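J.: Predicted model follows, preceded by the sequence.
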Amino acid sequence: MTGKSSHFFSFLLIFQPRKYYNFMRKTRKAILSDNDQFLEGPKSRTTELVFVLRVIFQFIKGFRKLHFVGPCITVFGSARFPDGHPYYEKAREVGKAISQMGFTVMTGGGPGIMEAANRGAFEAGGRSVGCNITLPFEQTPNPYMHEWLEIRYFFIRKVLLLKYSYAFVVLPGGWGTMDEMFETLTLVQTGVIHNFPVVLIGTDYYNPLMEYLEFMVEQKTISPNDLHLIKLTDDIDEATAHIDKFITQNYKVKERKNQLWWLLERP
């Protein structure tokens with residue numbers, strides 16, 4: 001707290017205690033229950049300001065933490081597949097293959113498919129990182145990450161998972177996985193991001209989805225070319241070759257190594 005701020009709050013406390021306590025109550029309520037109030041419409045100016053500051057802080061925290069971890073490939077999938085499940089083992093192989101390509105494996109940082117992909121990279125000697133989300137169930141950080149951070153808001157998490165990634169690999173998953181995949185496909189379709197490979201692993205799981213996408217083409221809600229934005233396969237070598245082709249043709253991958261000591265940055 002600055003000197004001027006301290007004098008202001010002291011003035012309120014001494015001469016207008018009711019305003020002081022009302023201000024502190026509103027601020028505390030905004031800090032403790034911002035998630036509950038996020039979609040409830042307009043709030044007090046203090047509450048809205050605290051929310052904006054929290055969002056800014058979350059972005060800065062993510063940028064600082066992830067600036068030197070890349071280049072990354074992000075793996076999505078359900079948190080509900082346990083160790084030993086076929087999809088878990090497939091994700092583990094995916095993580096290993098990505099690390100062997102020279103990329104950092106990035107996930108949502110939780111259990112299930114996310115843990116498996118991080119684990120595959122971790123055990124292969126590659127780099128493994130995650131953006132965990134604060135949830136009342138399921139989402140606890142897995143132990144196979146070299147770096148990870150905790151995010152309060154889904155929209156910030158999705159930005160970070162995309163910002164530092166050169167490709168997405170999507171294994172079987174639920175609402176969250178579909179949300180992340182389709183938002184990315186929308187960004188590619190609309191030209192917000194370019195030449196970004198999205199690979200689906202799990203033909204048995206995703207074939208019905210592909211059939212529905214073909215139905216959408218028939219209904220003219222998407223174009224035939226939109227189907228080319230997705231590569232569906234069970235073959236990890238085919239998946240990595242597809243990703244490598246996209247990246248080689250369209251990007252110059254660089255690692256960031258110019259840490260600034262006066263910003264307390266580290267690799």
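T.: Cool, the structure landed. Numbering: from 1, shown residues only.
J.: now the helices: where do they sit in the chain?
T.: 3-15, 17-32, 34-37, 45-66, 86-100, 113-123, 154-163, 175-189, 203-218, 236-250 (DSSP state H).
J.: Which other helices and strands does the last one contact?
T.: Counting by 3 or more C-beta pairs under 8 Å, 6 or more residues apart in numbering; DSSP states H and E, the packing neighbours recorded for helix 236-250 are helix 86-100, strand 165-170, strand 198-201, strand 230-233. C-beta: built from backbone N, CA, C; applies to glycine.
J.: Report the mean confidence score over the third one.
T.: Averaging pLDDT along strand 198-201 yields 96.
J.: try the first one
T.: Per-residue pLDDT over helix 86-100 has a mean of 97.
J.: now swap in stretch 122-129 and tell me
T.: Average pLDDT, stretch 122-129: 95.
J.: Work out the gap between it and the centre of the chain.
T.: Centroid separation for stretch 122-129 versus its chain: 18 Å, with C-alpha atoms, centre = their mean, to the nearest Å.
J.: With stretch 160-169 instead?
T.: Using C-alpha atoms, centre = their mean, the mean C-alpha position of stretch 160-169 is found 8 Å from that of the whole chain.
J.: buried ones in it?
T.: Neighbour-count burial for stretch 160-169 flags 160-162, 164-169 (criterion: 16 or more other C-beta atoms under 10 Å).
J.: so how far is the first residue of that stretch from its last?
T.: Between the opening and closing residues of stretch 160-169 lies a distance of 16 Å (C-alpha to C-alpha, to the nearest Å).
J.: for the chain, which spans come out with low pLDDT?
T.: Counting by pLDDT under 70, the ranges of the chain that qualify are 1-40, 135-139, 253-267.
J.: List the residues that contact residue 185.
T.: Contacts for residue 185 were tallied using C-beta atoms under 8 Å, 6 or more residues apart in numbering; they are 198, 226, 229-230.
J.: which one among the residues you listed gets closest to residue 43?
T.: Compare each of the contacts of residue 185 with residue 43 using C-beta to C-beta and the shortest gap goes to residue 198, at 36.9 Å.
J.: Could you break the chain into its assigned domains?
T.: As given by automatic domain parsing, the domain ranges for the chain are 22-67, 70-250.
J.: ranking the ones you listed by burial, who's on top?
T.: The highest average neighbour count among the domains of the chain, using mean count of other C-beta atoms under 10 Å, belongs to domain 70-250 at a mean of 19.
J.: And that domain, end to end?
T.: Distance between the two ends of domain 70-250: 17 Å, counting by C-alpha to C-alpha.
J.: How far does that domain sit from its chain's centre?
T.: Chain-centre distance of domain 70-250: 10 Å, with C-alpha atoms, centre = their mean.
J.: Also stretch 62-73?
T.: Once both centres are worked out by C-alpha atoms, centre = their mean, stretch 62-73 turns out to sit 11 Å from its chain's centre.
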